[in-house]
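*Asks:* show me the folded form of this:
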Amino acid sequence: MTESGEVQVAAALARLGSLGDLPVREHVSVFEDVLSGLEATLASVGDASAPAGERRP
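*Replies:* Here you go, the predicted model:
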């Protein structure tokens, strides 16, 4: 992973700033994208911080 989790979270949340420029019908796809990015970041942080014998497959 080249970016820290903190940078990835900030980038994901920054996407929410675009909502004001989009029609409401497009908000759901932005929310889904942000959620997906946050979930991926959380999963990768959990994997990286666990001792090698306790990491998820």
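*Asks:* where in the chain is pLDDT low?
*Replies:* 1-4, 46-57 (pLDDT under 70).
*Asks:* quick one, strands of this structure?
*Replies:* Assigned by DSSP state E, the strands in the chain number zero.
*Asks:* mind listing what the nearest residue to residue 45 once chain neighbours are set aside touches?
*Replies:* Ranked by Cβ to Cβ, 6 or more residues apart in numbering and with sequence neighbours excluded, the top spatial neighbour of residue 45 is residue 5, at 4.4 Å. C-beta coordinates here come from the backbone N, C-alpha and C atoms, glycine included. By Cβ atoms under 8 Å, 6 or more residues apart in numbering, the contact list for residue 5 reads 41, 42, 44, 45.
*Asks:* repeat that for residue 41.
*Replies:* So residue 41 contacts 5, 8, 9, 12 (Cβ under 8 Å, 6+ apart).
*Asks:* the third one - how many residues pack around it?
*Replies:* Burial of residue 9 is recorded as 17 neighbouring residues (other Cβ atoms under 10 Å).
*Asks:* next: the second one.
*Replies:* The number of residues packed near residue 8 is 19, by other Cβ under 10 Å.
*Asks:* now it, nearest residue through space, not along the chain?
*Replies:* Leaving aside its sequence neighbours, residue 8 sits nearest to residue 41 (Cβ to Cβ, 6+ apart; 4.4 Å).
*Asks:* how close does the one you found sit to residue 9?
*Replies:* 6 Å (Cβ to Cβ, to the nearest Å).
*Asks:* and the residue found closest to residue 40 once you drop the neighbours it is linked to in the chain, what is it in contact with?
*Replies:* Using Cβ to Cβ, 6+ apart and skipping residues adjacent in sequence, the residue nearest residue 40 is residue 8, 7.9 Å away. By Cβ under 8 Å, 6+ apart, the residues touching residue 8 are 37, 40, 41.
*Asks:* residue 17: which of these is nearest?
*Replies:* Proximity of these to residue 17 (Cβ to Cβ) peaks at residue 37, which lies at 14.1 Å.
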